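> Below is the sequence, then the predicted model.
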Amino acid sequence: MKSIVIAILCLAIIICGAGFCYYLLQERSHDMILAVERVEQSLQDGSTQQAREEMEQMLRQFESYEHFITMVMNHEEVDQIKNYVERANGFMKVGRYDEFQVELAVIKMQLDHMHEVEMLNWRNIF
């Protein structure tokens with residue numbers, strides 16, 4: 001009887017931990033999407049300097065979240081997002097704003113998709 005209680009307790013801890021990690025991942029991806037939207041808004045307003053500052057802030061935010069995201073997600077997905085962020089930053093630095101906006105759209109799509117990949121549902125389990 002004691003071993004069953006311990007097994008149930010361990011299972012409950014694992015499920016709660018997974019749910020908490022999923023919640024944090026969802027919050028982090030939402031924060032990053034908002035950061036991308038701020039960059040896009042600055043660029044649409046015609047303020048390239050403000051867009052550069054927002055981009056630098058987004059890079060710092062991504063770097064601060066990267067360790068956690070790598071722990072709870074497939075690192076290849078994180079590397080792919082990181083590559084898109086670096087490409088977007090490069091386009092911003094050389095003034096290729098059309099390509100920059102395309103990369104921002106791809107980053108938003110990847111961030112939005114990020115928590116869906118790790119969601120606990122039947123499709124992801126089986």
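In hand now; what should we look at?

> Next secondary structure element downstream of the longest helix anywhere in the chain?
Identified as the longest helix of the chain according to DSSP state H is helix 2-44. As assigned by DSSP states H and E, the chain's next helix or strand after helix 2-44 is helix 48-72.

> Can you give me the buried ones in the helix or strand following that following helix?
Where DSSP H and E defines the elements, the next helix or strand beyond helix 48-72 is helix 75-94. Buried residues in helix 75-94, counted by 16 or more other C-beta atoms under 10 Å: E77, V78, I81, K82, Y84, V85, R87, A88, N89, F91, M92. (Glycine included, C-beta is placed from N, CA and C.)

> distance of the last one from E99?
Going from M92 to E99 by C-beta to C-beta, to the nearest Å gives 9 Å.

> got the contact list for K82?
Counting by C-beta atoms under 8 Å, 6 or more residues apart in numbering, K82 makes contact with F62, E66.

> Tell me how far it lies from M55.
14 Å.

> Over to L111?
L111 is 15 Å from M55, by C-beta to C-beta.

> now Q110
Distance from Q110 to M55, by C-beta to C-beta: 16 Å.

> what residues are up against I33?
K108, L111, D112.

> Before we move on, what's the pLDDT of it?
The per-residue pLDDT reported for I33 equals 91.

> same deal with N124?
65.

> OK, contacts around the residue most central in space within the chain?
With distances taken as C-alpha atoms, centre = their mean, the residue of the chain nearest its centroid is S29 (3.8 Å). For S29, the contact set (C-beta under 8 Å, 6+ apart) comprises L111, D112, M114, H115.

> If you rank those by neighbours, which is first?
Ranked by neighbour count (other C-beta atoms under 10 Å), these have L111 at the top, with 23 neighbours.

> List phi and psi for it.
Phi and psi for L111, reported as degrees, to the nearest 10, are phi -70, psi -40.

> That one: what's it in contact with?
S29, M32, I33, V36, I81.

> Dump those residues into CSV; add distance to I4 as well.
Listed next are the contacts of L111 as CSV, based on distance: C-beta to C-beta, whole Å:
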residue, distance to I4
S29, 37
M32, 42
I33, 43
V36, 48
I81, 42
